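>>> Starting from these lines, generate the structure:
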Amino acid sequence: MPEVPAVSRVAATQNSTTAVEAVFAAFAPRGPLARAMPDFEPRGGQLEMAAAVARVFETGGVLLAEAGTGTGKTLAYLVPAILKRERVLISTGTKNLQEQIFFKDVPALRDALGVAFTATYMKGRANYLCLHKLDQLNDGFISYDVFLPMIRAWSTKTETGDRAELQDLPEDLPFWNEVSATAETCLGTECPRYDDCFVTKMRQRAAASDVVIVNHHLLCADAAVRQSAYGEVIPNCNRAIVDEAHQLEDIATQYFGYSVSNYRLEQIARDVERSLMIVAAGDRKAGSEISRAVERLREYAKAFFSDLAFAHRGDGRLKGEERVRATVESLAESAEPAGHLTSALDILQSTLALVASVKSNPGAAGSPDDVDPEDAREQIAALARRCGDIRDELRFMLRAADPEYVYFVEFRGRGIFVRAAPIDVSAIIREMLLERMHATVLTSATLTVDGTFDYVRDRLGVRHADEIRLPSEFDFARQAILYLPPRMPDPRSAQFVSAAGREVVEILKRTEGRAFVLFTSYATLRAVQSIAEMALDYPILSQGTAPRSQLLAQFRATPHAVLFATSSFWQGVDVAGEALSCVIVDKLPFASPADPITAARIEAIRARGGDPFADYQVPLAILALQQGLGRLIRHRQDRGVLAVLDPRLRTKGYGRRFVESLPPAPMVHDLARVAEFFSR
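Sure thing, here's the model as predicted:
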């Protein structure tokens, strides 16, 4: 960060003092928050964090703030953000927290503080309806979906176009892709519905707002777009707050990588065919050429991905570094079908570009009467650009030559994905976020390992920062106990699953269900669930049987329910009260050695002389375990049992690091103590 002149430093200090005084006044026992918010109670940690946020907003730089559960960190950063009276960007790890801030916290603070300010929340494009796509469906070129009438009726009433308003729309509805606003299909200012566009309106609201609330996915998407020629998604801000900052590295890894799949190629083929009916109806020669180009693309895509599937049919048994080597070898061996595929993309791109460059004749025979020639040309030009982007990404991955990336093939259902992911995103985060802002607050309930911020500093590229650690406001000695079984087999042994099943059954009998049972793998989940279902009468819910939000709603509404789940339920889930009285974790959540990105990062740390296990794998697992166990105690009235079945907490030297990171609840090894806890 550039050196601040002495005069500016004095001014910054004076402004900082004033800002902190304003924060103290807001949080005072008889201040505006206490008067306007019935549930408000002064908390020392909350005030300390709010003052630190106010200071860094004035002086600039980075603040690392770990705020334990119950601190009230959301208000602690929102109040100084609002009082600053300049645009502040707030990024959250989940849409749920994003919506809580916008719909609950912001209105409450607007009333309490008496400050006139505006706020907008922004989501990724795919959450919004594309009116232009919806208009195209009216032409009958796509088979109608049963949800189309619902979406069409809603489109005339909604002000935001946010699919979250459609509560009866399934989360995983494939049809939504046909009408959602995606970057690849967006025509920008050339779109005939640009002025009516929900994404356009969202950006306009954000550009006029004092507080802009996004999620990390959109934050990274914006940074990626700024690297290209497409401008920006989020309006310029000088101050940013990144909540749930422990998730930022993983999300940045997704957004700054590359991915080409059989799904993506089929989607471009379908989109070209759809536009072909509308745009080339009056030009049979052009239509015929495009049809042949699409046919070639499909043929060569099938050959290329079939070769990859055959080459990687045994990858499930490979470790991460072995998968990476196998990927590089298979890409080299697939040079001929890969060459055919990139050539097919070349031909399709050039054919589309040629059609787009020819001035349309709206009176040509067969042209649809309601197709605007300029709109048609822009649609075709956009498709040509998409073909070029896919071709360029595919060529980058086929070369597999950039040592900063790890290359691998991934299978999900019928999808085959060729991926390239950055091994280290710290420089990207520093350049695209930290150095772009005057001030950045990185906060979470879980940022430190072994009492320091060293791990997160290294992973997120933080060079210089102020630091603040605030313990949880909850009384874990009274509200919880930590149960560690006295005897368990090694989690890598064949006996572990049956032993874990027995422990889970015995714990759930004493808690009367009311539990999350969290696993590090689906295989163990299924095996333990089958044991529990035979031994227990409690309602059992399982991840994968329904959308996440639906499962949570069922869990909250069903007495004595038990939810069996994996990684997506380890964080961002809040169930208050007796409905959740126990959280059981089967194993220490070490990242899988079969994961190519984990393997590449381990190798990179080893190459520079570090200890990947102590410096990366253990800290990463500690933060994940803290998040998983953090699901239990969310409010002062909550009580319950935390249980970790993995014996390595006691038998391995590194287990001490995990134990010292756990909530300060009394540790017990006897199931009778679990029963006694609930009898109090």
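>>> Point out where the chain drops to low pLDDT.
Residue ranges of the chain with pLDDT under 70: 1-16, 138-145, 227-231, 277-283, 314-320, 359-374.
>>> Walk me through the domains of it.
If you go by automatic domain parsing, the domain ranges for the chain are 6-118+427-470, 119-208, 258-422, 476-679.
>>> nearest to I251, of the ones you listed?
Nearest of the domains of the chain to I251, taken as CB to CB: domain 6-118+427-470 at 7.9 Å. For the C-beta atoms, the positions are set from N, CA and C on the backbone; glycine is no exception.
>>> how about the domains of the chain in TSV, adding distance to L248?
Listed next are the domains of the chain as TSV, based on distance: least, CB to CB, whole Å:
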stretch	distance to L248
domain 6-118+427-470	6
domain 119-208	16
domain 258-422	13
domain 476-679	12
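>>> Any idea which of those gets closest to A252?
Nearest of those (CB to CB): domain 6-118+427-470, 5.8 Å.
>>> before we move on, the earlier item: mind checking the domains of the chain for the one nearest to A240?
Closest among the domains of the chain, using CB to CB: domain 6-118+427-470, at 4.3 Å.
>>> Give me the distance from that closest one to the chain's centre.
21 Å (CA atoms, centre = their mean, to the nearest Å).
>>> Please apply the same query to stretch 673-680.
Here stretch 673-680 is found 38 Å from its chain centre; the criterion is CA atoms, centre = their mean.
>>> tell me which residues in that stretch are buried?
674, 677-678 (16 or more other CB atoms under 10 Å).
>>> between these, which is closest to F474?
Distances from F474 to the buried residues of stretch 673-680, taken by CB to CB, are shortest for F677, at 15.7 Å.
>>> Just give the closest residue to that closest one, not the sequence neighbours.
Once flanking residues are discounted, F677 sits nearest to I481: 5.2 Å by CB to CB, 6 or more residues apart in numbering.
>>> I'd say that neighbour and H669 touch.
No - at 10.7 Å, I481 does not count as touching H669 under the criterion of CB atoms under 8 Å.
>>> So those two - more neighbours on which side?
I481 (21 against 12; other CB atoms under 10 Å).
>>> rewinding a little: can you check which of the domains of the chain gets nearest to N236?
That would be domain 6-118+427-470 among the domains of the chain, by CB to CB, at 7.9 Å.
>>> So E660 versus G114, what's the distance?
Counting by CB to CB, to the nearest Å, the gap from E660 to G114 is 44 Å.
>>> So which of these two has more stuff around it?
Set side by side, E660 and G114 show more neighbours around E660, with 12 against 9, by other CB under 10 Å.
>>> In a helix, the more buried one, correct?
Yes - if the criterion is DSSP: H, G, I helix; E, B strand; the rest coil, then E660 is within a helix.
>>> List phi and psi for the residue nearest to it when sequence neighbours are not counted.
Excluding the flanking residues, the one nearest E660 by CB to CB, 6+ apart is D450, at 7.5 Å. Per-residue torsions, D450: phi 60, psi 30 (degrees, to the nearest 10).
>>> So that it lines up with my notes, have the first residue be 5 from now on.
New numbering, starting at 5: the last item is D454.
>>> Can you give me the distance of D454 to P651?
22 Å.
>>> So for these two, which sits in the more crowded spot?
Neighbour tally, D454 and P651, criterion other CB under 10 Å: the higher count belongs to P651, 21 against 13.
>>> how close does the more buried one get to N100?
Distance from P651 to N100, by CB to CB: 34 Å.
>>> For stretch 50-66, output the C-alpha coordinates as CSV.
C-alpha atoms of stretch 50-66 as CSV (Å, rounded to 0.1, in the frame of the first residue of the first chain):
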residue,chain,number,x,y,z
GLN,A,50,-19.5,-6.3,19.3
LEU,A,51,-18.5,-2.7,20.2
GLU,A,52,-14.8,-3.5,20.0
MET,A,53,-15.2,-4.9,16.5
ALA,A,54,-17.4,-2.0,15.3
ALA,A,55,-14.8,0.5,16.5
ALA,A,56,-12.0,-1.5,14.7
VAL,A,57,-14.1,-1.4,11.4
ALA,A,58,-14.7,2.3,11.8
ARG,A,59,-11.0,2.9,12.2
VAL,A,60,-9.9,0.9,9.2
PHE,A,61,-12.5,2.6,7.1
GLU,A,62,-10.8,5.9,7.8
THR,A,63,-7.1,4.9,7.9
GLY,A,64,-7.3,2.3,5.1
GLY,A,65,-5.7,-1.1,4.9
VAL,A,66,-7.0,-4.6,5.9
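>>> pretty sure R434 is touching D462, no?
No - counting by CB under 8 Å, R434 stays clear of D462, with 11.3 Å between them.
>>> what about the helices in the stretch 105-254 of the chain?
Ranges of helices within the stretch 105-254 of the chain are 110-117, 135-141, 152-159, 180-183, 202-211, 220-230, 252-259, based on DSSP state H, counting those that start in this stretch.
>>> Those helices: which one's closest to I245?
Short answer: helix 220-230, nearest of those by CB to CB, at 10.9 Å.
>>> if we can go back for a sec, tell me what the residue nearest to F681 is bridged to.
On the basis of DSSP bridges, I485 is bridged to V645.
>>> and it, what is it in contact with?
645-646, 669-672, 677-678, 681 (CB atoms under 8 Å, 6 or more residues apart in numbering).
>>> And T450, by the same measure?
70, 250, 627, 630-631, 634.
>>> That one: what secondary structure?
With three-state DSSP as the criterion, T450 reads coil.
>>> What is the three-state secondary structure of the nearest residue to it once chain neighbours are set aside?
Excluding the flanking residues, the one nearest T450 by CB to CB, 6+ apart is Q630, at 4.4 Å. Three-state assignment for Q630 (three-state DSSP): helix.
>>> give me the number of residues near L191?
L191 has 17 nearby residues by other CB under 10 Å.
>>> any idea how far it is from R390?
L191 is 12 Å from R390, by CB to CB.
>>> cool, and L584?
L584 is 45 Å from R390, by CB to CB.
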